[in-house]
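Visitor: Structure for the following, please:
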Amino acid sequence: MGLKETGEACKFRVSDTNYFSSLPEECIFLILSKTSPRDLCRLSVVSSAFRSASESDVLWENFLPLDLPETTVSISSLFASKKDLFFHLCRHHYPALVDYGSKV
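Guide: Coordinates of the predicted model:
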């Protein structure tokens, strides 16, 4: 990102370089694993590297509650991804997951 001075104010000029895509995949996963579900969704629109990594079941599994009932675990195969399961649980069973971004 370049910095361009104009008068008293400084403006950021967006360049064509995507610095996030040059990070190793392990670094991207580490960054995203430290976020909340809400922030993970927000970061997925920042760069294609974050978007791709944010679809990982490994990341979304970390946001699922530890005490999932056995019936929920058995129906998890009905969902295309852990992300889909997470949002299903938020809508129907654990609305606080999205609000607090932590395991219940």
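Visitor: going forward, measure contacts between C-alpha atoms and count neighbours the same way
Guide: Noted.
Visitor: Ser76 and Leu85 touch, don't they?
Guide: Yes. With contact defined as CA atoms under 8 Å, Ser76 counts as touching Leu85 (6.4 Å).
Visitor: and these two? which has more neighbours close in?
Guide: Per other CA atoms under 10 Å, whichever of Ser76 and Leu85 has more neighbours is Leu85, with 21 against 15.
Visitor: check which helix or strand covers the more buried one.
Guide: helix 82-92 (DSSP states H and E).
Visitor: Packing partners of that helix?
Guide: helix 57-61, helix 96-100 (3 or more CA pairs under 8 Å, 6 or more residues apart in numbering; DSSP states H and E).
Visitor: Quick one: mean pLDDT over it.
Guide: What helix 82-92 shows for mean pLDDT is 87.
Visitor: which of the residues in that helix are buried?
Guide: Buried residues in helix 82-92, counted by 16 or more other CA atoms under 10 Å: Lys82, Lys83, Asp84, Leu85, Phe86, Phe87, Leu89, Cys90.
Visitor: Which residue ranges of the protein form helices?
Guide: 25-33, 37-43, 48-53, 57-61, 70-75, 82-92, 96-100 (DSSP state H).
Visitor: before we move on, the earlier item: looking at the buried residues of helix 82-92, spot the one nearest Asp67.
Guide: Comparing the buried residues of helix 82-92 against Asp67 with CA to CA places Leu89 closest, at 12.3 Å.
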